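In: just the structure for this:
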Amino acid sequence: MNGEREFTVALDGDIAKARHLAAEFLARRQAEQGLNISQRSMDLTQLVVSELVTNVRKYAPGRARMDLRIDDDAVEVTVWDSDPVLPVARAADAGRVGQHGLEIVKAVAQDFEARREPVGKSITARVALMDGPDDRP
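Out: Next comes the predicted model:
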């Protein structure tokens, strides 16, 4: 992970580990490259990772991978799994317990994309590194 703006890891379904790896990736980029990354961005990135890895664990058993990439002013979180079925956000329902992960990811991400791959699918969410011009890491 030293000095790189990209990081890839095979997922084993351990959500806490995936969150930790994402936070570590951002903290290293901040320390080694002097990138400005707000605490909110750190938290939102971990939230996105948590939601996407949870979905893989629940709905797509088999091989999975997480890619993190710093691109300009954002971090892109991409989770790939071997199931080709694309996720669909459910209609809003205040009475529904659970199954809000995709809604949460779409709400906090600058951009969201779900696409089929030659094998499986990938889900990418882009999270801003800073909230505004006056943010400090």
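In: any weak-confidence spans in the protein?
Out: Along the chain, the model assigns pLDDT under 70 to residues 1-3, 92, 97-99, 132-137.
In: mind naming the longest helix for it?
Out: Criterion DSSP state H: the longest helix present in the chain is helix 39-59.
In: mind listing what's buried in that one?
Out: 41-42, 44-53, 55-57 (16 or more other CB atoms under 10 Å). Yep, even glycine has a C-beta here, placed from its N, CA and C like the rest.
In: what's the angle from the strand or helix carrying residue 80 to helix 39-59?
Out: Using DSSP states H and E, residue 80 sits within strand 74-81. Following axes from the mean of the first three to the mean of the last three CA atoms, to 10 degrees, one obtains 10 degrees for the angle between strand 74-81 and helix 39-59.
In: could you pull out the helices for the protein?
Out: Under DSSP H, the chain gives helices at 15-33, 39-59, 101-108.
In: convert the C-alpha atoms of the first one to PDB, please.
Out: To tie it back to what came earlier, the one meant is helix 15-33. The C-alpha trace of helix 15-33 is given here as PDB (Å, rounded to 0.1, in the frame of the first residue of the first chain):
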ATOM      1  CA  ILE A  15     -17.000  -6.500   7.000                       C
ATOM      2  CA  ALA A  16     -15.000  -5.000   9.900                       C
ATOM      3  CA  LYS A  17     -11.700  -6.000   8.100                       C
ATOM      4  CA  ALA A  18     -12.900  -4.400   4.900                       C
ATOM      5  CA  ARG A  19     -13.800  -1.200   6.800                       C
ATOM      6  CA  HIS A  20     -10.400  -1.200   8.500                       C
ATOM      7  CA  LEU A  21      -8.500  -1.700   5.200                       C
ATOM      8  CA  ALA A  22     -10.400   1.200   3.600                       C
ATOM      9  CA  ALA A  23      -9.700   3.500   6.600                       C
ATOM     10  CA  GLU A  24      -6.000   2.500   6.600                       C
ATOM     11  CA  PHE A  25      -5.700   3.100   2.800                       C
ATOM     12  CA  LEU A  26      -7.100   6.700   3.200                       C
ATOM     13  CA  ALA A  27      -5.000   7.400   6.300                       C
ATOM     14  CA  ARG A  28      -1.800   6.300   4.500                       C
ATOM     15  CA  ARG A  29      -2.600   8.400   1.500                       C
ATOM     16  CA  GLN A  30      -3.200  11.300   3.800                       C
ATOM     17  CA  ALA A  31       0.100  10.800   5.700                       C
ATOM     18  CA  GLU A  32       2.400   9.800   2.800                       C
ATOM     19  CA  GLN A  33       1.000  12.000   0.100                       C
END
